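J.: Here's a sequence, model it:
(2 chains, ligands or ions: 3)
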Amino acid sequence: MADKILKKLNIKVWRQNNAADKGRFETYTIDNISGGSSFLEMLDILNNKLILEDKDPIAFDHDCREGICGTCSLFINGRAHGPDEDITTCQLHMRKFKEGETITIEPWRAASFPVIKDLVVDRTAFEKILQAGGFISVRTGGVPDANSIPIPYEDVEESMDAASCIGCGACVAACKNSSAMLFVAAKVSHLGKLPQGRVEAKQRARSMVSKMDELGFGGCTNTRACEVECPKNISITHIARLNREYLTARLSE
Amino acid sequence: MSSFLSASIGKKFIMSVSGLFLVLFLAVHLVVNLLLIFDDSGELYNVAANFMSTNPLIRTIEPVLGLGFLVHILWSFILEYNNWKARPVKYNKKNKSATSSWASRNMLVLGGIILVFLVIHIINFYWIIRFNPHEMNSITIGGEHMEDSYTLVADLFKHSLVYNIFYILSAILLGFHLSHGFWSAFHTLGWNNENWMNRLQIIGKVYAVIIAVGFSVIPLYFFIKF
Ligand code: HEM
Ligand code: SF4
Ligand code: FES
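T.: Ligands and ions are numbered 1, 2, ... in the order given. As a prediction, this is how the structure comes out:
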């Protein structure tokens, strides 16, 4: 069956020339969008139209367009990555919207994610958190034999679940406190559940949390909005582990 | 230590420990208060109230309880202010109910109303019983002379509809505060995983309902019966 065509949509989108600009909403109309196209394709079509009209196209982040890189963002109709579950914006289909609807598009909003232009925000803060402890300090050398380090199945699974974080920032965007706890917790579980990463686990939790605080992210109040909006379905039970690692590290000092 | 108290997880640790302490206090408070409706002569309640205000252990815990409230309230403002600062430009359109529970988003509002109740509650009962701004009726039970707290409490519940409504409303809001707060406190301490998530949430909801219903039936009992 052919995809349904949305004859008319109103796109209300945040426009901001640069970081210093105050910014404003602008509303554009767009015709004949296939329900099978992705949200980003819809924006491409709109941008084409804007370019032909000699207007500045809307800046938005994207790269892989298949849900694995974490580059695309957008707060769509009040939700991070829009109205679908466990997906990134590049995986969002236009069939999720209604004929004639006004779609509101905003950038991620957080003090630690300043807007660069329009819908593009600066997520360097995540890199800084990773630099603070999101790694394992091993001596490089020959690859060890896989079977020489036994790891229980459950630990591998939990570690790999956490490792699926793509650093998109939806957790921060969805959280009422702009907290980066789910992101940090994912790293702490991913590395700390494996024997090689276990060695530095306590120090890692300490350093990453203090970096997160320093960068101006808010604190977690367990509202669970992050895990609902996380495209990789990362559970807040990792946050419980982060709390555990952090508290035992601090209270045993 | 000071860096721990101002760290995000450190602040939550304070909220959690003080909150759990208050959770424990509420349970004791409810058990004592329920004596109000199980003995219309008031003897049972008066004896319990007298025990609470003379027992040395309870006397020493009392300032700790005051401190617990103070710390919980103070830190809640610090924490919420910090979190509010983390998003200077707000969203224009939000669909918050799609992703989180109402109670979890409104802990400060719920806590604020509980605080207003707490102040009135202290003025109405605790202040009068403990510091005797005016002479209270006294009563002799089993040869021991004590204040007639029962009459003080029962009179208010019997005669003031407005007070009863406010009291019940506060109990219900406290229930909402706890429906999120209870499991959240354990989660904050790191005591949670896939298995315990549901269990903690269920125990928390049961506890919240017991607190809300338990405190509500007391004024209802007096108002309807007398
Ligand atoms: C008897 C009264 C109270 C009890 C039993 C209680 C209990 C709790 C518990 C168990 C938590 C969860 C802590 C955590 O998530 O780690 C909590 C959180 C909170 N409480 Fe209370 N509380 C009471 C009164 C108050 C008052 C008077 C206020 C403020 C004026 C308040 C404000 C808050 C706030 C803002 C939170 C949110 C923290 C968060 O979600 O992370 N509470 N409370
Ligand atoms: S935890 Fe989920 S929402 Fe947060 S950055 Fe990672 S993938 Fe994105
Ligand atoms: S563009 Fe890579 S995840 Fe969306």
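J.: check contacts around B:L30.
T.: By C-beta atoms under 8 Å, 6 or more residues apart in numbering or on different chains, the residues touching B:L30 are B:I210, B:I211, B:G214, B:F215. Using the backbone N, CA and C atoms, a C-beta is placed for each residue, glycine as well.
J.: do you know how far B:I168 is from chain A?
T.: As judged by C-beta to the nearest C-beta, to the nearest Å, B:I168 and chain A stand 27 Å apart.
J.: what helix or strand does that residue sit in?
T.: Element membership for B:I168, per DSSP states H and E: helix B:161-188.
J.: tally of neighbours for A:C175?
T.: The tally of other residues near A:C175 (other C-beta atoms under 10 Å in any protein chain shown) stands at 29.
J.: quick one: it and A:T223 touch, right?
T.: Yes: using C-beta atoms under 8 Å, A:C175 is in contact with A:T223, at 7.0 Å.
J.: correct me, but A:G78 touches B:N95?
T.: Yes: assessed by C-beta under 8 Å, A:G78 is found in contact with B:N95 at 3.2 Å.
J.: Between the two, tell me which one has more neighbours.
T.: Neighbour totals were compared for A:G78 and B:N95, and A:G78 leads with 18 against 15 (other C-beta under 10 Å).
J.: distance of the residue lying closest to B:R87 once chain neighbours are set aside from ligand 1?
T.: Closest residue to B:R87 apart from its sequence neighbours, by C-beta to C-beta, 6 or more residues apart in numbering or on different chains: A:S178 at 4.6 Å. Separation of A:S178 from ligand 1 (C-beta to the nearest ligand atom, to the nearest Å): 14 Å.
J.: and the residue nearest to the spatial centre of chain A, what element?
T.: Nearest to the mean C-alpha position of chain A, by C-alpha atoms, centre = their mean, lies A:C168 at 2.2 Å. Per DSSP H and E: A:C168 is located in neither a helix nor a strand.
J.: So it sits against A:I68, correct?
T.: No: A:C168 lies out of contact with A:I68 (C-beta under 8 Å); the separation is 10.3 Å.
J.: circling back: pull out the buried positions in the helix holding B:I168.
T.: B:164, B:166-168, B:170-188 (16 or more other C-beta atoms under 10 Å in any protein chain shown).
J.: now stretch A:14-28
T.: So stretch A:14-28, judged by 16+ other C-beta under 10 Å, has buried residues A:W14, A:Q16, A:G23.
J.: was I right about the last one contacting A:R15?
T.: Yes: proximity of A:G23 to A:R15 meets the contact threshold set by C-beta under 8 Å, at 6.6 Å.
J.: Can you tell me the SS state at the residue of the stretch 151-253 of chain A found nearest ligand 1?
T.: Per C-beta to the nearest ligand atom, A:T221 is where the stretch 151-253 of chain A lies closest to ligand 1, at 3.4 Å. When classified by DSSP: H, G, I helix; E, B strand; the rest coil, A:T221 comes out as coil.
J.: Render the CA-only coordinates of stretch B:196-212 in CSV, please.
T.: Extracted C-alpha coordinates of stretch B:196-212, given in CSV (Å, rounded to 0.1, in the frame of the first residue of the first chain):
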residue,chain,number,x,y,z
TRP,B,196,13.6,-4.4,43.2
MET,B,197,12.2,-1.6,41.0
ASN,B,198,8.7,-3.0,41.0
ARG,B,199,8.8,-4.2,44.6
LEU,B,200,9.9,-0.8,45.9
GLN,B,201,7.3,1.0,43.9
ILE,B,202,4.6,-1.3,45.2
ILE,B,203,5.7,-1.1,48.8
GLY,B,204,5.9,2.7,48.4
LYS,B,205,2.4,3.0,47.0
VAL,B,206,1.0,0.8,49.8
TYR,B,207,2.8,2.9,52.4
ALA,B,208,1.6,6.1,50.8
VAL,B,209,-2.0,4.9,50.8
ILE,B,210,-1.8,3.7,54.4
ILE,B,211,-0.5,7.2,55.4
ALA,B,212,-3.1,9.1,53.4
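J.: quick one: furthest residue from the center of chain B?
T.: Relative to the centre of chain B, and counting by C-alpha atoms, centre = their mean, the farthest-placed residue is B:N92 at 35.2 Å.
J.: Enumerate every residue touching that residue.
T.: B:N92 neighbours (C-beta under 8 Å, 6+ apart): A:W14, A:F25, A:T104, A:E106.
J.: ok, so what distance separates the first one from chain B?
T.: Meaning A:W14. Using C-beta to the nearest C-beta, we find A:W14 at a distance of 8 Å from chain B.
J.: Now that residue. Nearest residue, chain neighbours left out?
T.: Leaving aside its chain neighbours, A:W14 sits nearest to A:E106 (5.0 Å; criterion: C-beta to C-beta, 6+ apart).
J.: What count of nearby residues applies to the one you found?
T.: Neighbour tally, A:E106, other C-beta under 10 Å: 25.
J.: likewise B:M197?
T.: 18.
J.: Ramachandran coordinates for it?
T.: Per-residue torsions, B:M197: phi -50, psi -50 (degrees, to the nearest 10).
J.: Distance of it relative to A:N222?
T.: Distance, B:M197 to A:N222, using C-beta to C-beta, to the nearest Å: 11 Å.
J.: okay, and the common contacts of those two?
T.: Joint contacts of B:M197 and A:N222 (C-beta under 8 Å, 6+ apart) are B:W183.
J.: what ranges do the strands span in chain A?
T.: Taking DSSP state E as the test, the strands found in chain A are A:5-15, A:24-34, A:75-76, A:79-80, A:102-106, A:115-117, A:120-121.
J.: Of these, which is nearest B:Y126?
T.: Closest to B:Y126 of those, according to C-beta to C-beta: strand A:79-80, at 46.0 Å.
J.: other SSEs contacting that closest one?
T.: helix A:170-174 (3 or more C-beta pairs under 8 Å, 6 or more residues apart in numbering or on different chains; DSSP states H and E).
J.: Can you tell me the SS state at B:Y207?
T.: Under three-state DSSP, B:Y207 comes out as helix.
J.: and it, what does it touch?
T.: B:V23, B:L178, B:F182.
J.: would you list those residues in a markdown table and tack on distance to B:D39 and pLDDT?
T.: Shown next, in a markdown table, are the contacts of B:Y207 (distance: C-beta to C-beta, whole Å; pLDDT from 0 to 100):
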| residue | distance to B:D39 | pLDDT |
| --- | --- | --- |
| B:V23 | 27 | 98 |
| B:L178 | 28 | 98 |
| B:F182 | 30 | 98 |
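J.: Dump these to CSV, plus distance to A:P231.
T.: Putting the contacts of B:Y207 into CSV (distance: C-beta to C-beta, whole Å) gives the following:
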residue, distance to A:P231
B:V23, 36
B:L178, 32
B:F182, 30
